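Novice: Predicted structure and sequence below. I'll ask about it afterward.
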There are 4 protein chains.
Amino acid sequence: MTLEALQSALAEYFAPWVQALNLQVEDACASQVRLRLPVTPQLTRVGDMLCGQAMMAAADTAMVLALMQHLGEFRPMTTVQLGGQFMRPLAGQDALVLATVLRAGKSLAFGEIDITGANDGKSVYRAQTTYALI
Amino acid sequence: MTLEALQSALAEYFAPWVQALNLQVEDACASQVRLRLPVTPQLTRVGDMLCGQAMMAAADTAMVLALMQHLGEFRPMTTVQLGGQFMRPLAGQDALVLATVLRAGKSLAFGEIDITGANDGKSVYRAQTTYALI
Amino acid sequence: MTLEALQSALAEYFAPWVQALNLQVEDACASQVRLRLPVTPQLTRVGDMLCGQAMMAAADTAMVLALMQHLGEFRPMTTVQLGGQFMRPLAGQDALVLATVLRAGKSLAFGEIDITGANDGKSVYRAQTTYALI
Amino acid sequence: MTLEALQSALAEYFAPWVQALNLQVEDACASQVRLRLPVTPQLTRVGDMLCGQAMMAAADTAMVLALMQHLGEFRPMTTVQLGGQFMRPLAGQDALVLATVLRAGKSLAFGEIDITGANDGKSVYRAQTTYALI
């Protein structure tokens, strides 16, 4: 899919509160998408650190786009589970959200998400997730 | 802690984007807090279903308050990991977020979160989480 | 199902290495089973503590029996994901493994497992798991 | 550390039931170890498939060795949480267990484990884990 089509999907399939993250589709290949999460004061708490809630929301959202990219179209799907580790704080830079489809079967899909600092490239959050394709 | 003190903590320690969830502290006991998540069009996607991103964010936020309640005060802390299962959709009603501290040691705390429909009481999302107390 | 039928299932459907845990079915109700894990030197490491590997294996095994109990029969199924938290060590006593089916749909089932000390009743490991019913 | 030292650690620090997995240390670099899990009838169930319980146990065990390798010595540590996804069955071949330390701080360490078929290289189980260094 084109980056424009994926970017449009963000406005079409997600709640306004999720759209407020202002995620930007930067790249997409076979089974992977990379989004930029602009780190603004809306998303930070004490110490200018990006809040974990935004990391989890960005991870879940990015995986939907990665699955669209993998499948070549939007299909109804639902998150079955998502779990992740917060390895270090992120401050003073945007976040990059790399979502990868590890395996997509007929009814279940598995993926991983890695969130890194846009400037220093350090991994701050890594998650695993399972989706049900409906 | 009083419900007012916990409610104030929501405005003091969380990012504006998290505050936009408009969580309401409804109850608190020894190691547990119950919040109401008003389900508005801002938080829903196709089918008027509450988006999973809001469930995860509410779960993480509620656990911080449960730890404050357990400790009797705010202490710096950070989420180490959070994982949860999305068991069914929630639509047409508010969500209740029950966060329970399972064990809090000197440096690590463990908790669970159960999100249910405010009207039908059905469990829609259940999560486990680990926090580091700093 | 009878406790005898569930106990027999342990010998029929599990690998010999899992059977070596010597799990004992102690109770079963609508959507729940309780197993006893005898803590022997085979399962402990330094400090006579029950090894975490045995806790995870017991949790996964118990959930299969809980699903059999819930469904009223054995059905082919596979673990989709399992994650859990190790909250404190267990030593000097057997472990009780309580597995509960939270929701079982047509193709996916969700459950939780709580492992406690048989003598002190303290929770040592709690897990969440998703199964695919085939 | 040498492969021999890591192999010896398997006999020294783990419960006999875990040693019965007969894990073989095949490689080790800065923050990573690779073990072979011989797939024998002791570890398989119906259909000659490697049981998930053995995958989880091998993953947890491999991460301890990866942390030893990262730290340059054995240090007391405990698993805080471990969660993973079972993506496809493994049959008719050994399993390779690749454990990687993602970040090790003073008190917490984060890692990921990938289990693949030794012949076809396909990923069958991927896990994330957090350890507390004592």
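Specialist: The structure has been received and is ready for your questions.
Novice: Okay, and residue A:106 sits in which element?
Specialist: Counting by DSSP states H and E, there is no helix or strand that carries residue A:106.
Novice: Quick check: nearest residue in space to it, chain neighbours excluded?
Specialist: residue A:133 (7.2 Å; C-beta to C-beta, 6 or more residues apart in numbering or on different chains). The C-beta positions use only the backbone N, C-alpha and C, and glycine is treated the same way.
Novice: List phi and psi for the one you found.
Specialist: Note on residue A:133: backbone dihedrals following degrees, to the nearest 10 are phi -90, psi 130.
Novice: Pull the contacting residues for it.
Specialist: A:67, A:71, A:75-77, A:104, A:106-109 (C-beta atoms under 8 Å, 6 or more residues apart in numbering or on different chains).
Novice: What's opposite the residue lying closest to residue A:14 once chain neighbours are set aside in the beta bridge?
Specialist: Of all residues not flanking residue A:14 in the chain, residue B:45 sits nearest, at 5.8 Å (C-beta to C-beta, 6+ apart). Beta-bridge pairing of residue B:45 under DSSP bridges involves residue B:49.
Novice: Next, give phi and psi for the most centrally placed residue in chain A.
Specialist: Centroid-nearest residue in chain A: residue A:62, 2.6 Å away (criterion: C-alpha atoms, centre = their mean). Taking degrees, to the nearest 10, you get phi -60, psi -40 for the backbone angles of residue A:62.
Novice: repeat for the one 10 residues further on
Specialist: Taking degrees, to the nearest 10, you get phi 80, psi 0 for the backbone angles of residue A:72.
Novice: isn't it right up against residue A:1?
Specialist: Yes: taking C-beta atoms under 8 Å as the definition, residue A:72 is a contact partner of residue A:1 at 6.7 Å.
Novice: Contacts for the worst-scoring helix or strand of chain A on mean pLDDT, please.
Specialist: The weakest-scoring helix or strand in chain A, judged by mean pLDDT, DSSP states H and E, is strand A:44-45 (a mean of 92). With C-beta under 8 Å, 6+ apart as the test, strand A:44-45 has contacts from A:50-51, A:91, B:13-15, B:18.
Novice: follow-up on the earlier one: next, format the contacts of residue A:133 as CSV and append secondary structure and neighbour count.
Specialist: Output for those, formatted as CSV (DSSP: H, G, I helix; E, B strand; the rest coil; neighbours: other C-beta atoms under 10 Å in any protein chain shown):
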residue, secondary structure, neighbour count
A:67, helix, 22
A:71, helix, 16
A:75, coil, 13
A:76, coil, 10
A:77, strand, 18
A:104, strand, 18
A:106, coil, 6
A:107, coil, 12
A:108, strand, 20
A:109, strand, 25
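Novice: If we only consider these, which is nearest to chain B?
Specialist: Distance to chain B, by C-beta to the nearest C-beta, is smallest for residue A:76 among the contacts of residue A:133, at 8.4 Å.
Novice: contacting residues for the residue nearest to residue A:6 when sequence neighbours are not counted?
Specialist: Nearest non-adjacent residue to residue A:6, counting by C-beta to C-beta, 6+ apart: residue A:25, 4.6 Å away. For residue A:25, the contact set (C-beta under 8 Å, 6+ apart) comprises A:3, A:6-7, A:10, A:33-35, A:65.
Novice: Checking residue A:25 next. Helix, strand or coil?
Specialist: Secondary structure, DSSP: H, G, I helix; E, B strand; the rest coil: residue A:25 is strand.
Novice: And residue A:73, by the same measure?
Specialist: Residue A:73 - assigned by three-state DSSP - is coil.
Novice: Could you report the pLDDT at the closest residue to chain B within chain A?
Specialist: In chain A, the residue that lies nearest chain B is residue A:83 (2.4 Å; C-beta to the nearest C-beta). With respect to pLDDT, residue A:83 scores 98.
Novice: does it sit in a helix or strand, and which one?
Specialist: Taking DSSP H and E as the criterion, residue A:83 maps to strand A:77-86.
Novice: what is the orientation angle of the strand or helix carrying residue A:5 with strand A:77-86?
Specialist: Here residue A:5 sits within helix A:3-13, counting by DSSP H and E. Angle, helix A:3-13 to strand A:77-86, by axes from the mean of the first three to the mean of the last three C-alpha atoms, to 10 degrees: 100 degrees.
Novice: about what we covered before: what sits against the closest residue to the residue of chain A closest to chain B other than its chain neighbours?
Specialist: Leaving aside its chain neighbours, residue A:83 sits nearest to residue B:83 (2.4 Å; criterion: C-beta to C-beta, 6+ apart). Listed by C-beta under 8 Å, 6+ apart, the contact set of residue B:83 reads A:81-84, B:127-129, C:83, C:128, D:83.
Novice: let's go with 10 Å and repeat that
Specialist: Contacts for residue B:83 (C-beta atoms under 10 Å, 6 or more residues apart in numbering or on different chains) come out as A:56, A:81-85, A:127-129, B:56, B:126-130, C:81, C:83-85, C:128, D:81, D:83, D:128.
Novice: next one: residue A:114
Specialist: Residue A:114 is in contact with A:34, A:59, A:62, A:84, A:96-100, A:123-127, D:102, counting by C-beta under 10 Å, 6+ apart.
Novice: ok, so of those residues, who is nearest chain C?
Specialist: residue A:84 (10.6 Å).
Novice: Would you check that the closest one makes contact with residue A:62?
Specialist: No: the criterion here is C-beta atoms under 10 Å, and residue A:84 misses it with residue A:62 at 12.0 Å.
Novice: can you list residues touching both of those two?
Specialist: Contact with both residue A:84 and residue A:62 is made by residues A:113-115, A:127, A:129, according to C-beta under 10 Å, 6+ apart.
Novice: so which two of those are the farthest from each other?
Specialist: Greatest spacing in the shared contacts of residue A:84 and residue A:62, by C-beta to C-beta: A:115 and A:129 (12.9 Å).
Novice: For those two, list the residues in contact with both.
Specialist: In contact with both residue A:115 and residue A:129: A:59, A:62, A:84, A:99, using C-beta under 10 Å, 6+ apart.
Novice: re earlier: give me the buried entries from the contacts of residue A:25.
Specialist: When the contacts of residue A:25 are checked for burial by 16 or more other C-beta atoms under 10 Å in any protein chain shown, the buried set is A:6, A:10, A:33-35, A:65.
Novice: Pull the most distant pair out of the residues you listed.
Specialist: Among the buried ones among the contacts of residue A:25, A:10 and A:34 lie farthest apart (C-beta to C-beta), at 13.6 Å.
Novice: contacting residues for residue A:52?
Specialist: A:45, A:84, A:86, A:89-90, A:124-125, B:15, B:18, B:56-57, B:60-61, B:64, B:78-82.
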